[in-house]
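Trainee: show me the folded form of this:
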Amino acid sequence: MLAAMRPAMFALAVFVVASLAACGADAGRSRAPKQRGQTQTGKASWYGGKFHGRKTASGERFDKNKLTAAHRRLPFGTRLKVTNLTNGRSVVVRVNDRGPFGNKRRIIDLSEAAARKLRMIQSGVVPVRIEVLRLGGKSSRKARDKRKRQRERRRRARARARKQA
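Mentor: Take a look at the predicted model:
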């Protein structure tokens, strides 16, 4: 009788473990917002000094004195309102980098300037709510510059065509 129950007990144990793993997979995190007005809550950290002047994932140079942020999935150029849940202060930032890396509970990395506005420099990591104000396109600074050059070339070509006509 005991031998006949072993496969059933094993299957039950696998089911319970899988169910518990699925429940805890997103513990402490909420899904990334996909449209304007949606929010996400989690922890925020900040970065500055040693990354100042380096290229970001979007292709632009990181400036610790600008109100920018790094998010894992939101498109570059997305404008976010970040609210520090411990003191109620908020700031509007633009996503221009990818991150944070390492700790999965952190949902956003803020520039030093944004961290100062939220008064989180001392604590380093604070609970925040982010709200999408405007979803950015796929464009990075590199892509915007390329489009600008293409527009300028077309404008010059039209001007030459008018001159010749």
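Trainee: can you list contacts of stretch 63-73?
Mentor: Here stretch 63-73 makes contact (Cβ atoms under 8 Å, 6 or more residues apart in numbering) with 32, 47-49, 51-53, 56-57, 62, 78, 80, 82, 91-100, 107-114, 117, 130. Just so you know, the C-beta spots here come from the backbone N, C-alpha and C atoms, and that holds for glycine as well.
Trainee: let's see the PyMOL selection covering just the buried ones among the residues you listed.
Mentor: A single PyMOL command selects the buried members of these (16 or more other Cβ atoms under 10 Å):
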select buried, resi 32+47+48+51+56+62+78+80+82+91+93+94+95+96+97+98+99+100+107+108+109+110+111+112+113+114+117+130
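Trainee: among the contacts of stretch 63-73, name the ones in strands.
Mentor: 47, 80, 82, 91-97, 107-111, 130 (DSSP state E).
Trainee: helices along the chain, start to end?
Mentor: For the chain, the helices defined by DSSP state H cover 2-24, 112-117, 141-164.
Trainee: pick out the shakiest of those, pLDDT-wise.
Mentor: Among these, helix 2-24 carries the lowest mean pLDDT, at a mean of 55.
Trainee: report pLDDT for residue 135.
Mentor: Residue 135 is assigned 89 on the pLDDT scale.
Trainee: quick one: contacts for the spatially closest residue to it that is not a sequence neighbour?
Mentor: Excluding its sequence neighbours, the residue lying closest to residue 135 (Cβ to Cβ, 6 or more residues apart in numbering) is residue 78, at 5.4 Å. Residue 78 makes contacts with 71, 94-95, 132, 134-136, as judged by Cβ under 8 Å, 6+ apart.
Trainee: only whichever of these are buried, select them in ChimeraX.
Mentor: Buried subset of those, written as a ChimeraX selection, criterion 16+ other Cβ under 10 Å:
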select :71,94,95,132,135,136
